[in-house]
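Q: Need a 3D model of the following:
(one chain, ligands or ions: 1)
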Amino acid sequence: MRIPNTFNVEAQANTYLPIYSEEKLLIALAQYNNPFVLGGGSNMLITHNLDQPVFHILLKGITLEKETETCVWLKAQAGENWHRFVQYTLEQGYGGLENLSLIYGNVGAAPVQNIGAYGVELRDVMESCEAINIHTLQKRIFTNAECAFGYRESIFKGAEKGNYIITAVTFKLTKRNHLLHTQYGAIQQKLTDKGILSPTPQQVAAAVIEIRQSKLPNPSEIGNCGSFFKNPVILKTDYEKLFAQYPDLPSYPINEIQVKVPAGWLIEHCGLKGYRQGDAGVHAQQALVLVNYGKATGNDILAVAYYVKEIVQKQFSISLDFEVNIF
Ligand code: EPU
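A: Okay, here's the model as predicted:
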């Protein structure tokens, strides 16, 4: 069975199990060890065929758990498509997920890497998530705090890596008095251009969608996994030295001693935007994204990733980390 993945690389699974219910998941866990957990296949680069059993998590459903005058708590099953879920919440008039529009992948993967965009991260809107321990088969509810979220990090990538399969995520969303984040990137500009002074969550989402569509490749046309690298966090003192040389290098403050710099800017300033080795390359509009133009293998894309890493290290003495998981 071919493993679906948004990089659109060829990789086969010897054993493929579509999992539509929690009962099926428990049965599969009792039968197989060491599963490879597949959600939307949108944050993984697969470089070889897999001997491990592939559990494709396809649990579906959205339920209203609780409601007050101002908020709702919605639970989405792990196999729900992320963007379709976001659209559903916006159609109901709920606020909170608008900045996270058009991120690929499924709900269950969102807490793993604490997905984020335009100044909002999953940790800002997630109440809790449910997960099954693959060894004990016990269900555990993780509160937001227990997920130990960081920038594209969580307990599921850290201390509990490989131990849990997320089955559902509960979000706390607003029914009114929405807390909109329009300052990041070009959102405010887009709204101003349209003459929108007090936007609704739907209008913010529409602006985010326009921005993303203008620079991020659509995986159904060009294989990719969104940002391939994380934006590196460097010492303020190192940033100041670089800034003296490159006064247009953007930065985002982290704390008193560290700043985050955009990997896309670093890669572009190494002359690598649009760089290509056969069918694998650096996207021509957003240098943080690696792409498969057609028949690239996982290893072809990985070779480009290491090349980019090496050149950035040479030019800026900054080590880039992969955001995408490599298998
Ligand atoms: N930039 C360049 N050249 C490029 C790309 C970016 O100079 O080729 C500069 C931009 O001009 C801007 C800065 O880098 O000054 C930041 O760029 P942008 O706002 O496009 O965001 P990013 O840092 O490249 C991050 C996330 C994206 C998210 C955007 C918007 C990470 C690794 N990536 O990208 O998330 O959509 O911010 O919030 O943090 C993803 O994770 O898959 C993803 C797409």
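Q: tell me the contacts of the most centrally placed residue in the chain?
A: Compute the mean C-alpha point of the chain, and by CA atoms, centre = their mean the closest residue is residue 115, 4.2 Å away. Going by CB atoms under 8 Å, 6 or more residues apart in numbering, residue 115 touches 82, 100, 103, 105, 109, 121-122, 152. Yep, even glycine has a C-beta here, placed from its N, CA and C like the rest.
Q: Quick check: residues of the protein near the ligand?
A: 117-118, 185, 226-227, 230-231, 250, 262, 264-265, 268, 273, 286-288, 323 (CB under 6 Å from any ligand atom).
Q: From the contacts of residue 115, pick the one nearest residue 297.
A: Nearest to residue 297, judged by CB to CB, of these is residue 105 at 21.8 Å.
Q: CA atoms only: put stretch 66-83 into CSV for me.
A: The C-alpha coordinates for stretch 66-83 follow below in CSV (Å, rounded to 0.1, in the frame of the first residue of the first chain):
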residue,chain,number,x,y,z
LYS,A,66,-19.8,22.6,26.8
GLU,A,67,-21.1,26.1,26.2
THR,A,68,-21.4,29.3,28.1
GLU,A,69,-22.6,32.8,27.1
THR,A,70,-19.3,33.6,25.5
CYS,A,71,-17.4,30.4,24.8
VAL,A,72,-17.8,26.9,23.4
TRP,A,73,-15.7,23.8,23.9
LEU,A,74,-15.6,21.7,20.7
LYS,A,75,-14.0,18.3,20.5
ALA,A,76,-12.7,17.1,17.2
GLN,A,77,-11.6,13.6,16.5
ALA,A,78,-8.0,13.1,15.4
GLY,A,79,-8.8,12.1,11.8
GLU,A,80,-10.7,15.3,11.0
ASN,A,81,-9.0,17.4,8.3
TRP,A,82,-7.5,20.5,10.0
HIS,A,83,-8.6,23.1,7.5
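Q: how about that stretch: buried residues?
A: For stretch 66-83, a neighbour-count test (16 or more other CB atoms under 10 Å) marks 71-83 as buried.
Q: one step back: any idea how far the residue nearest to the centre of the chain is from residue 193?
A: Applying CB to CB, to the nearest Å, the value for residue 115 to residue 193 is 27 Å.
Q: Can you name the helix or strand that the residue of the stretch 101-250 of the chain found nearest the ligand falls in?
A: Residue nearest to the ligand within the stretch 101-250 of the chain: residue 226 (2.4 Å; CB to the nearest ligand atom). Taking DSSP states H and E as the definition, residue 226 sits inside strand 223-227.
Q: In its sheet, which strands sit next to that strand, and in what direction?
A: Strands that pair with strand 223-227, judged by DSSP bridges, come out as strand 289-292 (antiparallel).
Q: Outside of the partner strand itself, list whatever touches it.
A: 7-9, 216-217, 222-228, 279-283, 300-301, 304-305, 308.
Q: tell me which residues of that strand are tucked away?
A: Neighbour-count burial for strand 289-292 [16+ other CB under 10 Å]: 289-292.
Q: Let's see the following helix or strand past it as PDB, backbone CA atoms only.
A: Using DSSP H and E, the next helix or strand after strand 289-292 towards the C-terminus is helix 298-316. Only the C-alpha atoms of helix 298-316 are listed here, as PDB (Å, rounded to 0.1, in the frame of the first residue of the first chain):
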ATOM      1  CA  GLY A 298      12.500  11.300  -0.100                       C
ATOM      2  CA  ASN A 299      16.300  11.000  -0.300                       C
ATOM      3  CA  ASP A 300      16.500  13.600  -3.100                       C
ATOM      4  CA  ILE A 301      14.600  16.100  -0.900                       C
ATOM      5  CA  LEU A 302      16.700  15.200   2.100                       C
ATOM      6  CA  ALA A 303      19.800  15.900   0.100                       C
ATOM      7  CA  VAL A 304      18.600  19.400  -0.700                       C
ATOM      8  CA  ALA A 305      17.700  19.900   2.900                       C
ATOM      9  CA  TYR A 306      21.200  19.000   4.000                       C
ATOM     10  CA  TYR A 307      22.700  21.200   1.300                       C
ATOM     11  CA  VAL A 308      20.600  24.200   2.400                       C
ATOM     12  CA  LYS A 309      21.700  23.500   6.100                       C
ATOM     13  CA  GLU A 310      25.300  23.400   5.100                       C
ATOM     14  CA  ILE A 311      25.300  26.600   3.100                       C
ATOM     15  CA  VAL A 312      23.400  28.500   5.800                       C
ATOM     16  CA  GLN A 313      25.900  27.200   8.400                       C
ATOM     17  CA  LYS A 314      28.800  28.400   6.200                       C
ATOM     18  CA  GLN A 315      27.400  31.800   5.500                       C
ATOM     19  CA  PHE A 316      25.800  32.800   8.800                       C
END
